[in-house]
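With the sequence up front, the predicted model follows.
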Amino acid sequence: MALSNPTSQAECTSEEAYTWSEGRAIFASGSPFDPFEYNGEVFVPGQANNAYIFPGFGLGLITSGAIHVHDDMLLAASEALASLVTEEHFEKGLIYPPFSNMRKISANIAAKVAAKAYELGLASHLPQRKDLVKYAESCMYNSGYRSYL
C-alpha cells in the first residue's frame, strides 16, 4: 500500500510492485495509477482512500440520528465496504470496489452504520426505516439541475 500523496511521493509505483513481485503483488495506493501489463497480464492498481468509508459513515450517523459513535459502527462500515468487493474485482487485483461507484458504496455503508446504531440503541430517528439503503440514497446531495430553457 503506497499511500503517500501526491503520486510523485508514493513509496513505489504499481509498475515497480508488479515487476518486483513478478506479478504477485496486491497493490493499492493513495493516488491513482494506470493499469500495467506484466508478462501478458494486465493489472489494475487499486486506490486506498479514506473517501471510501467516511462519507457513508457520516451519512449513516446522520440518517439514524446516532447519539454516540461506537467502535462497532466503524466495523460495520468496514464490513460493508468489504462486502462490495466482488470476485471480478479480486481477479483484477483490486482490494476495493471501483471508486466510480462511490454513491452506491456510500449508501450501502450508511445503511450498515445506521442499522448498527439502531441495533445498539443509539439511534434517535425513530422508527427505523424499512429500506436503509434507499433512505440513504434519498438523503444524498444530487448536483443535477433541471433545465428551464
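Sure, I can see it.

Now the spatially closest residue to Gly23 that is not a sequence neighbour. Its backbone dihedrals?
Closest residue in space to Gly23, ignoring its immediate chain neighbours: Tyr38 at 4.9 Å, by Cβ to Cβ, 6 or more residues apart in numbering. Using the backbone N, CA and C atoms, a C-beta is placed for each residue, glycine as well. The phi/psi pair for Tyr38 (degrees, to the nearest 10) reads phi -140, psi 120.

pretty sure Tyr38 is touching Arg24, no?
No. Checked against Cβ atoms under 8 Å, the pair Tyr38 and Arg24 is beyond contact range at 10.1 Å.

any idea how far Ile109 is from the residue nearest to Gly23?
To Ile109, Tyr38 is 33 Å away according to Cβ to Cβ, to the nearest Å.

And these two? Which one has more around it.
The neighbour comparison of Tyr38 against Ile109 (other Cβ atoms under 10 Å) goes to Ile109, with 29 against 16.

for the helix or strand hosting that one, packing partners?
Assigned by DSSP states H and E, Ile109 belongs to helix 102-119. Counting by 3 or more Cβ pairs under 8 Å, 6 or more residues apart in numbering; DSSP states H and E, the packing neighbours recorded for helix 102-119 are helix 54-64, helix 71-83, helix 132-139.

what's the most buried one of these?
With neighbours taken as mean count of other Cβ atoms under 10 Å, those reach their highest mean count in helix 54-64, at a mean of 21.
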